[in-house]
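# Got a sequence here, can you model it:
(one chain, ligands or ions: 1)
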Amino acid sequence: MSTPCPRTRIKFCGLTRQADIAHAVALGVDALGFVMWPQSKRAISVDTLAMLAAEVPAFVTRVGLFVDADPALIEQCAPYLDLLQFHGSEPPADCARYNMAWIKALRMRDDVDLHREAERYRAASALLLDAYRPGVPGGTGETFDWSRIPAALAKPVILAGGLTPDNIGHAIHQVAPYAVDVSGGIEAFPGGKDTAKMAAFVHQVAAANQPR
Ligand SMILES: O=C(O)c1ccccc1NCC(=O)[C@H](O)[C@H](O)COP(=O)(O)O
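As a prediction, the model looks like this:
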């Protein structure tokens, strides 16, 4: 029996509504991201996180997104999360202090050294590579030059930044990431996911995972 092609895992990010969670779960999405950075148009409160997290069934990962957050906020959110995602300048020790699995977002500045960062954040479960826009820690809706990603990094790569149903197939064929992460590309408006775009994105990932 031939070895099955590895399946690209999918994270939908910036969830704010129960209906969007139900649709994502029905589509088989692997992880759901909740933005806890107050300046984001997709930000939710801890109370909303608690409510939304209760809607997420087993085997779907609940990811909390933080940007140089007060540890008290992370401690408040932790009971409702399975994974922490750090988008600021958090040193590894600060990421690891919560005794939870975590991933580190690396924004693709021109001078980023991915091998050095992968070594620095070697305790992370994965590295999320995202577009870089000064002053905007995430959710830019912009892609970056995927050819800048080394063929082999010391950590699983989650590709993010400007992904859409129209470009995700090309991204998977070019990068072969462990997982992909999308927010703006499946939205009708910030924080409001579009069911047709969500379904199209998942369909295009599945198509890209088919043997060629
Ligand atoms: O989504 C946000 O508004 C956001 C704000 C601050 C930090 C992180 C944020 N999102 C984190 C993500 O993982 C996004 O999915 C990722 O940046 C890709 O966003 P997009 O380019 O809109 O697909």
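
# C-terminal to the host helix or strand of residue 85, what's the next element?
Using DSSP states H and E, residue 85 maps to strand 83-86. Per DSSP H and E, the first helix or strand lying C-terminal to strand 83-86 is helix 92-96.

# just to revisit the earlier point, so what are the sheet partners of the strand holding residue 85 and their directions?
strand 61-66 (parallel), strand 102-107 (parallel) (DSSP bridges).

# For residue 9, give its distance to residue 156.
Distance from residue 9 to residue 156, counting by CB to CB, to the nearest Å: 9 Å. C-beta coordinates here come from the backbone N, C-alpha and C atoms, glycine included.

# residues shared between the contacts of those two?
178, 179 (CB atoms under 8 Å, 6 or more residues apart in numbering).

# Show me which of those two is the more surrounded one.
Between residue 9 and residue 156, counting by other CB atoms under 10 Å, residue 9 is the more crowded of the two (18 against 15).

# any weak-confidence spans in the protein?
Where the chain drops to pLDDT under 70, the residues are 1-5.

# Report the central residue of it.
residue 181 (4.1 Å; CA atoms, centre = their mean).

# Helices along this structure, start to end?
18-26, 46-53, 71-77, 92-96, 114-120, 168-175, 195-208 (DSSP state H).

# could you dump those to CSV with distance to the ligand and mean neighbour count?
Shown next, in CSV, are these (distance: least, CB to the nearest ligand atom, whole Å; neighbours: other CB atoms under 10 Å):
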stretch, distance to the ligand, mean neighbour count
helix 18-26, 13, 17
helix 46-53, 14, 16
helix 71-77, 14, 15
helix 92-96, 15, 15
helix 114-120, 16, 14
helix 168-175, 10, 17
helix 195-208, 10, 18
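
# ok, now which ones touch residue 183?
Taking CB under 8 Å, 6+ apart, we find residue 183 in contact with 12, 13, 14, 33, 42, 138, 139, 141.

# go with 6 Å
13, 14, 139 (CB atoms under 6 Å, 6 or more residues apart in numbering).

# what distance separates stretch 85-103 from the centre of its chain?
Here stretch 85-103 is found 15 Å from its chain centre; the criterion is CA atoms, centre = their mean, to the nearest Å.

# Endpoint to endpoint, it covers what distance?
Counting by CA to CA, to the nearest Å, you get 5 Å between the two ends of stretch 85-103.

# before we move on, what about stretch 10-26?
So stretch 10-26: terminal residues 13 Å apart, CA to CA.

# can you list contacts of that stretch?
29-35, 42, 44, 55, 60, 180-181, 183, 191, 193, 195, 198, 205.

# Next, the distance between the ends of stretch 145-160.
Using CA to CA, the two ends of stretch 145-160 sit 11 Å apart.
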